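Participant: Sequence plus the predicted model coming up.
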Amino acid sequence: MNVTIDFGGTNIKIGLIRDGEMLAKISIPARSGTGLLSRLPDVEEGIRRLLGEAGTSLAACGGIGIALPGIIDGEGKTLLSIKDKYTDALGFDFAGWSQERLGLPLVVENDARAALIGETAYGAARGERDAVLVIFGTGIGTAAMIGGRVLRGKHGQAGILGGHLTTDIYGERCNCGNPGCLEAQASHWGIPLRAAKLPGYADSALAAETDWGYASVLRASEEGDAFAARLEADLLRHWSAGIVNLIHAYDPEVVILSGGLMKSAARILSPLAEMVREQAWTPWGAPRFLAAGDPETSVLLGMSYLADRHDS
Ligand SMILES: [Zn+2]
């Protein structure tokens with residue numbers, strides 16, 4: 001049994017997991033604008049509360065797994081790079097914190113990689129060995145597995161920067177510095193910034209919305225908003241281009257889609273898969289598409305899988 005923590009942009013999720021079974025979980029506000037380190041006392045309190053509610057204790061746990069939306073060092077110890085949020089955690093000794101406060105070993109991993117491990121070990125893609133995963137969340141996170149091995153690479157970057165593959169060389173500059181990243185054109189945070197510059201925006205119902213993203217576009221399009229319909233078609237082109245890039249790079253048999261956009265899977269999964277199949281060069285056949293069964297927990301399950309196998 002172990003404790004896993006997913007530091008998302010909005011919520012910090014904490015799970016208690018044994019052999020791929022979620023025994024209990026809680027969520028606390030991330031307040032990510034104020035940093036990560038200031039949230040650790042509340043995280044510790046959350047862990048103790050979770051254990052108490054489950055009628056167990058730290059002594060029964062084998063370790064801690066922490067998922068972060070950034071680049072992690074090869075040994076799973078610390079955060080090397082992250083954009084905008086949680087920057088105060090760069091280089092932080094998470095294992096030292098865990099040993100001191102909880103007396104348990106700890107492993108850190110990128111959140112999309114953890115989700116891919118969770119989905120292939122316990123979830124919708126159980127048993128798959130050649131897979132890519134795309135999380136359409138606030139940003140766009142990705143991960144890749146080849147022959148059962150999750151790619152990490154020399155600098156911890158392999159497979160996870162799919163949101164920063166270029167889908168428009170004349171496009172919006174991304175917060176990573178590269179012009180035209182998929183994430184800057186077609187992620188939850190990128191969509192409103194780019195849409196506001198497109199012709200017809202002022203006439204769209206979207207112009208009156210605040211803090212909007214995937215769901216607003218799809219809803220407005222469904223309700224007959226002409227601008228939103230054009231934007232939806234444009235987003236499908238960006239999303240499919242990003243996925244085709246991943247397929248050409250990593251040769252997967254399965255493409256797993258996750259994140260908030262999958263709440264609209266019934267509307268977009270099939271047209272997206274069809275576009276990708278038309279565009280991708282895969283003479284061996286067509287990659288299958290799967291929607292993550294429970295995007296909220298796949299990251300936690302993946303971290304538990306890693307914590308079970310981590311030596312420190
Ligand atoms: Zn980028």
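Facilitator: Great, that's in hand. Numbering: from 1, shown residues only.
Participant: Could you check which residue of the stretch 1-150 of the chain lies nearest the ion?
Facilitator: Lys83 (8.3 Å; Cβ to the ion). Backbone N, C-alpha and C define where each C-beta goes, glycine included.
Participant: Confirm that that residue lies within a helix, as I assumed.
Facilitator: No: when DSSP: H, G, I helix; E, B strand; the rest coil is applied, Lys83 is found to be coil, with no helix at that position.
Participant: ok, now which ones touch it?
Facilitator: Contacts here follow Cβ atoms under 8 Å, 6 or more residues apart in numbering; on that basis Lys83 touches 70, 139, 175-176.
Participant: Please tell me how far it sits from Ala205.
Facilitator: Between Lys83 and Ala205 the distance is 30 Å, computed by Cβ to Cβ, to the nearest Å.
Participant: Check Thr142 too.
Facilitator: Look at Thr142 and Ala205: by Cβ to Cβ, they are 31 Å apart.
Participant: Looking at those two, which is more packed in?
Facilitator: The residue with more neighbours, out of Thr142 and Ala205, is Thr142; 28 against 15, by other Cβ atoms under 10 Å.
Participant: these two touch, right, that one and Ala158?
Facilitator: No: Thr142 lies out of contact with Ala158 (Cβ atoms under 8 Å); the separation is 10.5 Å.
Participant: Excluding residues flanking it in the chain, which one is nearest the spatially most distant residue from the centre of the chain?
Facilitator: Within the chain, Asp203 marks the point farthest from the mean C-alpha position, 33.0 Å out by Cα atoms, centre = their mean. Among residues not flanking Asp203 along the chain, Phe227 sits closest, at 6.4 Å (Cβ to Cβ, 6 or more residues apart in numbering).
Participant: Now do the SS call for that neighbour.
Facilitator: Assignment for Phe227 (three-state DSSP): helix.
Participant: And for the one 3 residues further on?
Facilitator: Remark: Arg230 carries the secondary structure label helix [criterion: three-state DSSP].
Participant: on that earlier part again, PyMOL command to pick out the buried ones of the contacts of Lys83?
Facilitator: A single PyMOL command selects the buried members of the contacts of Lys83 (16 or more other Cβ atoms under 10 Å):
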select buried, resi 70+139
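Participant: will you turn the contacts of Lys83 into TSV that also has secondary structure?
Facilitator: Below are those laid out as TSV (three-state DSSP):
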residue	secondary structure
Gly70	coil
Gly139	coil
Asn175	coil
Cys176	coil
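Participant: closest to Val107 among the contacts of Lys83?
Facilitator: Nearest to Val107 among these is Gly70, at 15.0 Å by Cβ to Cβ.
Participant: What number of residues are in the vicinity of the closest residue to that closest one other than its chain neighbours?
Facilitator: Excluding its sequence neighbours, the residue lying closest to Gly70 (Cβ to Cβ, 6+ apart) is Ile82, at 3.2 Å. Ile82: 19 surrounding residues under other Cβ under 10 Å.
Participant: gap between Ile82 and Trp97?
Facilitator: From Ile82 to Trp97 the distance is 17 Å (Cβ to Cβ).
Participant: Ok, Gly156 next?
Facilitator: Distance, Gly156 to Trp97, using Cβ to Cβ: 20 Å.
Participant: which one of those two has more residues nearby?
Facilitator: Gly156 (20 against 17).
Participant: contacting residues for the more buried one?
Facilitator: Counting by Cβ under 8 Å, 6+ apart, the residues that Gly156 touches are 71-74, 80, 110.
Participant: repeat that with 10 Å
Facilitator: 70-76, 79-81, 109-110, 113 (Cβ atoms under 10 Å, 6 or more residues apart in numbering).
Participant: try Gly153
Facilitator: 71, 74, 144, 159-161.
Participant: Same list, those, but as JSON lines with distance to the ion, pLDDT and neighbour count please.
Facilitator: JSON lines is the format used below for the contacts of Gly153 (distance: Cβ to the ion, whole Å; pLDDT from 0 to 100; neighbours: other Cβ atoms under 10 Å):
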{"residue": "Ile71", "distance to the ion": "13", "pLDDT": "95", "neighbour count": "18"}
{"residue": "Gly74", "distance to the ion": "22", "pLDDT": "78", "neighbour count": "11"}
{"residue": "Ala144", "distance to the ion": "17", "pLDDT": "98", "neighbour count": "25"}
{"residue": "Gly159", "distance to the ion": "15", "pLDDT": "97", "neighbour count": "23"}
{"residue": "Ile160", "distance to the ion": "12", "pLDDT": "97", "neighbour count": "27"}
{"residue": "Leu161", "distance to the ion": "8", "pLDDT": "97", "neighbour count": "19"}
